[in-house]
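Asker: Mind folding the following:
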Amino acid sequence: MVEELIESGSYDEALKQLCDINDEKTRYLRLICLNALGEYKQACAEGSAALLKAQETYYDVVGEYLTSLKECEEYDKAIDLLVEELSMPYIPANYELLYNTAYDEILRLKQEAHQQLEDKSQIFSVEELELLLRRNDINDDLLYMALDQMQQINIRMLLYPIRDYLKDPHKPSFAKTLIMEILIAQEIDEELEVEKNGHLYYFNPSISPLVLERECYNGVGRVLQRVLEDNNPSLLNQCLDFLEYYLYDTYPADIYEDEYIQTAGVIHYYVASLQNIEIDEIDLQIHYDMTLEEAERKSLALRIIE
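Answerer: This is a model prediction of the structure:
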């Protein structure tokens, strides 16, 4: 009878019948009604008690309690609860998806609230940052918000999850590089393993240069400038932009001096092909000592990272 009232939207009538607060299902159904009626403060007050009673309804109670916390702008409480739940060794898959979605939304709302207060320094706690690093399904906005804040803290507090992140072949390559640059900026003297594009690298931030401070960036860039600066400055700028992207994607892999010319040629060929600009094979041979077939073959690797 009560559930029929809820299904029909008669939440006030349902609440009048939900009086047995010692029953876990009653507490859960009360949360549904209170949230539906916009009585979020009351739902918050009852939610913590409902969690203590909940067994069979536990995951659903968490969901309703999170709704009330979010609507009351109790973002820190909601995030603490989500961090605790998502750290559990087992969560049913449908609830894990629900909680991850809620986590992303509440972090976004928390960020917006901080922006309104002109205080972006501490959007995430260290525990929240660690959870974000360990997640496999984080969206780009949250990831780069987290990376931005990591520049402002003592990165050693996150060294353990960072070690795992850099070794995980499924984590985004570009984000790994941004983390490595944070480690370099803070002069972290640690031997780390980095898995990228099927290769394993050993990396010590304290003795490593930033991505664009390496000679290979200037060396390949000079070759591109020599060939394109006068003939096609617009294409040159696009090639230099792609060179930066390529170096960030592949860091800490290096380009050696005897590879500068052909690397520039491959980038020139690849970026031109994206613009439907034809390159004469004779020009490739003159400027880059490369055949058209070589340029096509080597540009396949660039298509993969793009």
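Asker: only C-alpha atoms for contact and neighbour calcs from this point on.
Answerer: Noted.
Asker: Could you grab the helix/strand/coil label for the residue nearest the centre of the chain?
Answerer: Against the mean C-alpha coordinate of the chain, by Cα atoms, centre = their mean, the closest residue is residue 143 at 2.5 Å. State at residue 143, reduced to three classes by DSSP: H, G, I helix; E, B strand; the rest coil: helix.
Asker: The one 3 residues further on now?
Answerer: Per three-state DSSP, the secondary structure class of residue 146 is helix.
Asker: neighbours around it, how many?
Answerer: For residue 146, the neighbour count with other Cα atoms under 10 Å is 20.
Asker: Could you measure from it over to residue 164?
Answerer: Distance of residue 146 to residue 164, given as Cα to Cα, to the nearest Å: 16 Å.
Asker: same thing with residue 92?
Answerer: Counting by Cα to Cα - residue 92 and residue 164 are separated by 24 Å.
Asker: So between these two, which is more surrounded?
Answerer: Neighbour count, other Cα under 10 Å: between residue 92 and residue 164, residue 164 has more, with 16 against 8.
Asker: Residue 203 - nearest residue in space that isn't next to it in sequence?
Answerer: Distances taken as Cα to Cα, 6 or more residues apart in numbering place residue 192 nearest to residue 203, at 5.1 Å, with adjacent residues excluded.
Asker: Quick one: mean pLDDT for stretch 249-264?
Answerer: Across stretch 249-264, pLDDT averages out at 94.
Asker: Any buried residues in that stretch, and which?
Answerer: Neighbour-count burial for stretch 249-264, counted by 16 or more other Cα atoms under 10 Å, picks out 249-252, 255, 260-264.
Asker: Can you pull out the low-pLDDT segments for the stretch 201-306 of the chain?
Answerer: Scanning the stretch 201-306 of the chain for pLDDT under 70 picks out 303-306.
Asker: wait, what's in contact with residue 265?
Answerer: By Cα atoms under 8 Å, 6 or more residues apart in numbering, the contact set of residue 265 is 224, 284, 287-288, 290, 295.
Asker: How is this structure partitioned into domains?
Answerer: Here the domain parsing of the chain from the TED database is 1-120, 126-206, 215-303.
Asker: okay, and for the stretch 51-200 of the chain, where does confidence drop off?
Answerer: 115-122.
Asker: the helices in it, which residues?
Answerer: For the stretch 51-200 of the chain, the helices defined by DSSP state H, counting those that start in this stretch occupy 58-71, 75-86, 93-116, 126-134, 140-150, 159-167, 173-185.
Asker: Contacts made by the strand or helix carrying residue 243 with the rest, please.
Answerer: Element membership of residue 243, judged by DSSP states H and E, is helix 233-250. Here helix 233-250 makes contact (Cα under 8 Å, 6+ apart) with 173-174, 177, 196-197, 211-212, 217, 221, 224-225, 228-229, 267-268, 271-272, 302, 305.
Asker: What angle do helix 173-185 and it make with each other?
Answerer: Angle between the axes of helix 233-250 and helix 173-185 is 80 degrees (criterion: axes from the mean of the first three to the mean of the last three Cα atoms, to 10 degrees).
Asker: quick one: stretch 209-219 to chain centroid distance?
Answerer: Between the centre of stretch 209-219 and the centre of its host chain there is 25 Å, according to Cα atoms, centre = their mean, to the nearest Å.
Asker: For it, which residues meet the burial criterion?
Answerer: 210-211, 216-217, 219.
Asker: Can you give me the end-to-end span of that stretch?
Answerer: End to end - Cα to Cα - stretch 209-219 spans 15 Å.
Asker: swap in stretch 197-213?
Answerer: End-to-end distance (Cα to Cα), stretch 197-213: 22 Å.
Asker: Then stretch 153-160?
Answerer: 15 Å.
Asker: hang on, the earlier thing: so which of the contacts of residue 265 sit within helices?
Answerer: Judged by DSSP state H, the subset of these located in helices is 224, 284, 287-288, 295.
Asker: I'd like to know how many residues surround residue 286.
Answerer: 10.
Asker: Would you format the buried residues of stretch 249-264 as a markdown table with distance to residue 32 included?
Answerer: Below are those laid out as a markdown table (distance: Cα to Cα, whole Å):
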| residue | distance to residue 32 |
| --- | --- |
| 249 | 47 |
| 250 | 50 |
| 251 | 50 |
| 252 | 52 |
| 255 | 60 |
| 260 | 64 |
| 261 | 66 |
| 262 | 64 |
| 263 | 61 |
| 264 | 62 |
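Asker: Can you tell me which of those residues is closest to residue 50?
Answerer: Of all these, residue 50 sits closest to residue 249, with 48.0 Å by Cα to Cα.
Asker: chain center to stretch 44-53, what's the gap?
Answerer: On Cα atoms, centre = their mean, the centre of stretch 44-53 falls 32 Å from the chain's centre.
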